[in-house]
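J.: A structural model of the following input is requested.
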Amino acid sequence: MKGLLIFDHLNDVLFTKCNKKFTNHMENLAKLQGLITEDADENSKQLSANILMQLFSPIVTSQQIMTTQFGNSYTSMKCQDGINMAFDDFMGYTFIYVATDDIELMKRTLGVCISIVGHICGPDVAVLKSSKQKALLVSSLLDAWKDLRDEEQSLLTETVEQLSVNAELASSTLKILHDAVDKLKAQSDFPNVHVLVLVEHKFLSLYSSKNAQDLNAADILLMVLMCKAVSADEDDKKNLTEDPDVLWSQNNLSNQEEPLSIDSKLANPTSADIMHLFNDSREPSVNEGLCSLAEDSLYSQLVLLGSDQTRTANVVHIFELSPGINLLTIMEITNLSISSGLYDSFNFLNIMNSLQSQRDFDELKPTFDSFDSSIKKTVDGIKKYRAHVNNDVDMCQRRLQVKWEFLRRKYMEFFKQRDTESILQIESNMSGLIDTMIELFRLTCFDRSVLKIGCDVILTVCRLVRQKFNDFSDFLKVKALKNFSLGSRTSLTINKYLEEFPGLVHFIYIDRTTHRITAPTLDFTNLETLALTKKKIWAMVDHSRNHLQEGQFSVMWKDTTFNYAYFLWFEDSSGSPLKCKTYLNPQNKNLPVPGILCGDYYKKLSQIYFPKISHNKIRIYELYCVHLGLATSSCVLEHSRRLAATIWEITGLPNNPADIL
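T.: Residues are numbered from 1 along each chain as shown. Coordinates of the predicted model:
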C-alpha cells in the first residue's frame with residue numbers, strides 16, 4: 001500500500017499519488033466513518049479529495065500545530081498493522097507518505113518528492129491543484145526516480161556517472177557542444193545557455209556559456225529523470241499517433257488548466273500522458289499536433305535549477321539525437337537576482353509566519369531583515385533589467401512594493417512597541433502580499449510563453465549536432481550498457497588495475513565534492529557476477545547510510561557470502577586528511593537523508609564538522625567495497641586504502657593517498 005499526499009495550510013488536498021490498495025483502504029475507512037454510504041451510487045463511492053481531507057485532517061492539523069507553534073514536527077509514525085507514515089514540509093505545505101515500506105526509504109521518497117516539486121513548481125506548490133499538467137509531470141518524475149533507483153547504481157547513490165570514453169572522442173564531443181552554444185548565443189534571445197548530452201542515464205559532456213550559472217550534480221540528475229520520463233516505447237508512440245481521440249484530448253489538455261482529481265492518471269501516468277507533459281506550448285513550426293512524437297521533436301519544460309542563493313528559472317528543451325542519446329538545451333530565462341530573490345522571499349516569509357505562530361518574536365527580527373533584503377533584491381533585479389520585462393511584470397512589482405511597504409511599517413512599529421494590534425494588521429494583510437508574490441513569480445520565472453521563443457533556432461542547432469554525432473552514436477550506446485565491468489576483457493587498464501586486488505568482487509568510489517561515481521557496471525548475464533545479487537549491493541548502501549546517520553564513518557561487516565566495507569573521509573585541497581574534532585548528533589533534524597536530491601547531505605556534514613573551513617577547500621570521498629567472504633579484515637582495509645589512493649588510474653584524476661580510518 002502506497003499513497004503520497006500534499007496538503008495546504010487549510011488541509012485541502014493539492015496532489016495525490018496512490019495505488020489501488022491505498023485507495024481501497026481509504027474507501028473502507030470512509031465507509032466506517034460514514035463518509036461513504038453503502039447505498040450510494042458508484043460515482044458517490046469514488047474516493048475524492050474532500051474525503052481524503054476529512055480522513056487526514058486530524059493528523060495534518062496536529063502536524064501543522066507541532067510545526068508552527070512548537071517547532072517540533074513529526075518525522076514518521078509506525079502503526080501496529082505495519083502501515084507507516086512519513087512527514088515533511090516545504091514552504092508551509094505538508095507532505096505525507098503512507099506505505100508499508102521501510103521508514104528510511106519513505107523519508108527519502110518524500111524528500112525526493114519535495115525536491116521535484118521545488119524544481120517543477122518552485123514555491124508555488126498550490127499550482128498542483130489547478131494544473132493537471134504539472135501534477136502529471138511530478139508523478140512521472142517520481143516514477144522515473146523509483147525505476148532508476150531500483151536499477152542504476154548512480155541513482156541509488158545519487159551521483160553522476162561519467163561515460164568513460166577516450167580523450168579524442170571526449171574532445172570531439174566538447175567541440176560539437178561548444179559550436180552549438182556559439183550558434184545559440186548568436187541567434188537566441190537567451191545569452192546564458194548550457195548544452196548537455198546524456199547517453200542512457202550516464203553523463204557524456206557539458207558545455208556552458210561564459211556567464212551561465214553552474215549546473216550542480218542534483219540538476220544533472222533531474223535532467224536524467226526528465227529524459228527517462230519522456231522516453232516511451234515505440235509501439236506506444238505509434239498507437240498514440242493513430243488514436244484520434246487521444247490526439248484531441250491531449251492537445252486540449254495542453255492548452256488549459258484542469259482541476260485536480262483523484263484518479264489513476266495522476267497516480268500512474270501512461271505513456272500517452274507522459275509524452276504530452278512536455279509539449280504544452282510548442283510553436284506549429286516545431287510541433288504540429290502530435291508531431292512531437294516524430295523524429296524531430298523538442299520536449300520543453302520550465303524548471304528551477306540550482307540551490308541556496310543560485311536558483312535560476314530555466315527552460316529545458318530535450319532532443320533525441322538517437323534512441324538512448326539525448327541532447328538537452330538549458331536556457332536561463334530570468335536573471336539571478338529575480339529568481340533567487342523571489343525564492344528566498346517565499347522561504348523567509350514561511351519562516352516568519354511560523355515564528356509568529358510560535359510567538360518567538362526574538363527570532364522574528366533577523367528573519368524579517370532577511371525577507372526585506374530578498375524583496376529588495378527582487379525589485380532591484382526587475383528595475384535593473386526593466387528593458388527586458390513587460391508591463392505586467394512592472395505593474396506587479398509596483399504593487400508588491402506598496403503592499404510590502406505597508407507591512408514593513410507595521411513590523412517596525414511592532415518591534416518598537418510590541419503592540420499586538422500591529423501583528424493582527426500584519427496577519428490580516430499578509431494574504432494579499434503572498435498573492436502578489438505568487439503572481440510575480442509566475443510572470444517572471446514560470447511564464448509559459450517563453451517556451452515558444454527560439455524553438456526554430458534550437459531545433460536547427462539540434463539537427464546539426466545530430467549529424468555530427470551520427471558517426472559514433474552506436475558506439476556510445478554500446479558503451480553505456482557496460483561502462484566497464486569486473487569481467488570485461490575489453491579494457492586492459494581496468495583488468496590490470498583489478499588484478500592487484502584479489503578477492504575484490506565489487507566497489508563503488510564516489511568523489512562527493514563533485515558527486516561523480518566510479519564503479520564497475522553490474523552485469524547479471526555474466527556467470528562471474530551472477531552470485532553478486534543486486535539485492536546485496538542495494539542493502540549494503542542502505543546499511544552504510546544508516547550507520548553514517550549515526551556518525552559512523554567507517555563500517556565493516558560480513559554475511560555468509562561477502563565481506564562489506566564502507567568509508568567516508570575528508571581531505572583538504574592539498575590531499576591531507578582532515579580529522580573530525582566534533583561528534584554528530586544523530587537527532588540533528590537539520591540534516592537531510594544522505595545524498596543530494598533531498599539536499600546536499602555531505603556539504604551540510606562538512607559544515608558541522610569543519611565550521612571554520614570553507615566548504616570549497618574540503619574534499620569528501622566515499623568508498624564501498626565488496627570482497628569474498630574469505631577475505632580478512634586486514635586485507636579489506638589494505639585494499640581499501642590502496643584503491644582510494646590509486647583510483648585515479650581509472651578516473652584520470654590524480655589524488656594523494658588518504659587516511660580513511
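J.: pLDDT weak spots in the stretch 451-600 of the chain?
T.: Within the stretch 451-600 of the chain, the stretches with pLDDT under 70 are 481-498, 523-533, 584, 586-589.
J.: all helices of it, in order?
T.: 455-469, 473-481, 492-498, 527-530, 534-549 (DSSP state H, counting those that start in this stretch).
J.: Which of these has the highest mean neighbour count?
T.: Mean neighbour count (mean count of other CB atoms under 10 Å) peaks for helix 455-469 among the helices of the stretch 451-600 of the chain, with a mean of 18. In this view, the C-beta of every residue, glycine as well, is placed from N, C-alpha and C.
J.: can you tell which of the helices of the stretch 451-600 of the chain is closest to residue 96?
T.: Among those, helix 534-549 comes nearest to residue 96, with 21.8 Å by CB to CB.
J.: chain center to that closest one: distance?
T.: Mean-position distance between helix 534-549 and its chain equals 21 Å (CA atoms, centre = their mean, to the nearest Å).
J.: Tell me which other helices or strands it touches.
T.: Applying 3 or more CB pairs under 8 Å, 6 or more residues apart in numbering; DSSP states H and E, one finds that helix 534-549 contacts helix 103-121, helix 153-157, strand 554-558, strand 562-572, strand 618-628.
J.: so can I have JSON lines of these showing mean neighbour count and distance to residue 186?
T.: Shown next, in JSON lines, are the helices and strands packed on helix 534-549 (neighbours: other CB atoms under 10 Å; distance: least, CB to CB, whole Å):
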{"stretch": "helix 103-121", "mean neighbour count": "22", "distance to residue 186": "29"}
{"stretch": "helix 153-157", "mean neighbour count": "22", "distance to residue 186": "35"}
{"stretch": "strand 554-558", "mean neighbour count": "15", "distance to residue 186": "53"}
{"stretch": "strand 562-572", "mean neighbour count": "21", "distance to residue 186": "42"}
{"stretch": "strand 618-628", "mean neighbour count": "22", "distance to residue 186": "38"}
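J.: Let me know which of the helices of the stretch 451-600 of the chain is the nearest to residue 306.
T.: Evaluated over the helices of the stretch 451-600 of the chain, closeness to residue 306 peaks at helix 455-469, with 21.5 Å, by CB to CB.
J.: which stretches of the stretch 101-250 of the chain form helices?
T.: Using DSSP H, counting those that start in this stretch, helices in the stretch 101-250 of the chain cover 103-121, 127-130, 132-151, 153-157, 167-187, 217-230, 234-242, 244-253.
J.: contacts for the longest one?
T.: Right, the one you point to is helix 167-187. The contact list for helix 167-187 (CB atoms under 8 Å, 6 or more residues apart in numbering) reads 165, 190-191, 193, 195-197, 204-209, 329, 331, 454, 457-458, 461, 464-465, 468-469, 472.
J.: Would you mind checking the residues you listed for buried ones?
T.: Burial by neighbour count, 16 or more other CB atoms under 10 Å: within the contacts of helix 167-187 this picks out 165, 190, 193, 195-197, 204-209, 329, 331, 454, 458, 461, 465, 468-469.
J.: Scan the chain for its longest helix.
T.: Identified as the longest helix of the chain according to DSSP state H is helix 391-417.
J.: Output the contacting helices and strands for that helix.
T.: helix 361-384, helix 420-444.
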